[in-house]
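[1] sequence first, predicted model second:
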Amino acid sequence: MPLRALIVEDEPLAARRLADMLARQPEPVQVLGTAESVTQAVALLDGVQPAPDVLFLDIHLADGLSFELFERTEVRCPVIFTTAYDQYALQAFKVNSVDYLLKPIDEDELTAALRKLRERSYPVGLPAAQPAAPAFDQSLLAQLVQQMQQTLPGTATPAASYKTQFVVRVGEHLKVVPLDQIAYFFSLEKATFLQTIEGRKFVVDYTMDQLEGLLDPRRFFRLNRAYLAQQTAIQDIIHYTNSRLQTVLKPVAPDAQVLVSREKVNVFKSWLDR
């Protein structure tokens, strides 16, 4: 019997992409339905009988954190979280039949997560008709929420753990750029650049994901996959289509539009209003 899945994801394109990837698996997964919000997810879970084999759950939804789902209904299946926020304490999701996938989801990682799910749900010696029934541990949920709150942008972390300057190459020379002189970082054509407030840009030997963990989240925010900006460099914020936001950076960014990823809009607003 194929695995039966539900997808809770507020980005329709991301939901369709995940459904397509599930259909292409060596052992295809049947998607029973999708939801875009906590409210829709509650109705979807309550309406599916018997319970699905797995729930793919985006952490940030249109109407709040997906953790609210566990307070509003009983989740009777394993959960695989999906998130674009790799600064969270994601290793905690590896416990008690809970897994996570970073966006954009890699097909090989999805296959590995499904393999682990099958191994946990159908232990050796247990008939296929009698799958193990992993219950979602409420104490684990509390742990996840606490760890996420501790790592959200705007929370206090020892200053010594973050970089205060970067060393860049200028011809045959090395130059030290203090953090206060940096407006933002951006990626372009597989390279990562540092943009100074004076309008100069330098290549840095870090990926955007690495930079996100090296910079103080009280000062810098990952707007999308290509831009990580210091708050003082954000000159204007404009409402864009589909509940998205457009930022105007100073100095002017190489891209005409620097949009805040839709799944990050609520966190971005909280980061600004702290």
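    Looks like it arrived, so ask away.
[2] please count neighbours and contacts with C-alpha atoms only from this point.
    Will do.
[3] where do the helices of the protein begin and end?
    Assigned by DSSP state H, the chain shows helices spanning 12-23, 38-47, 69-72, 107-121, 138-151, 208-214, 265-272.
[4] so which of those helices is nearest Leu223?
    Closest approach to Leu223 among the helices of the chain (CA to CA): helix 265-272, 7.9 Å.
[5] that closest one packs against which elements?
    If contacts are counted by 3 or more CA pairs under 8 Å, 6 or more residues apart in numbering; DSSP states H and E, helix 265-272 sits against no helix or strand.
[6] pLDDT on it, on average?
    For helix 265-272, mean pLDDT is 84.
[7] quick check: buried residues in that helix?
    265-268, 271 (16 or more other CA atoms under 10 Å).
[8] including distance to Thr232, could those go into CSV?
    Converted to CSV, the buried residues of helix 265-272 look like this (distance: CA to CA, whole Å):
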residue, distance to Thr232
Val265, 18
Asn266, 19
Val267, 17
Phe268, 14
Trp271, 13
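[9] for those residues, which one is nearest Lys250?
    Nearest to Lys250, judged by CA to CA, of those is Phe268 at 18.0 Å.
[10] got the contact list for the closest one?
    By CA atoms under 8 Å, 6 or more residues apart in numbering, the residues touching Phe268 are 221, 223, 260.
[11] mark which of the residues you listed are part of strands, please.
    If you go by DSSP state E, the contacts of Phe268 have 221, 260 in strands.
[12] closest one of the contacts of Phe268 to Val204?
    Using CA to CA, Phe221 comes nearest to Val204 of the contacts of Phe268, at 17.7 Å.
[13] which ones are touching that closest one?
    153, 212, 228-231, 268.
[14] go on, Lys250?
    183, 197, 233-235.
[15] distance of it from Tyr184?
    Using CA to CA, to the nearest Å, we find Lys250 at a distance of 9 Å from Tyr184.
[16] so what sits against both of these two?
    Common neighbours of Lys250 and Tyr184 are listed as Ala233 (criterion: CA under 8 Å, 6+ apart).
[17] kind regards, and thank you for your time.
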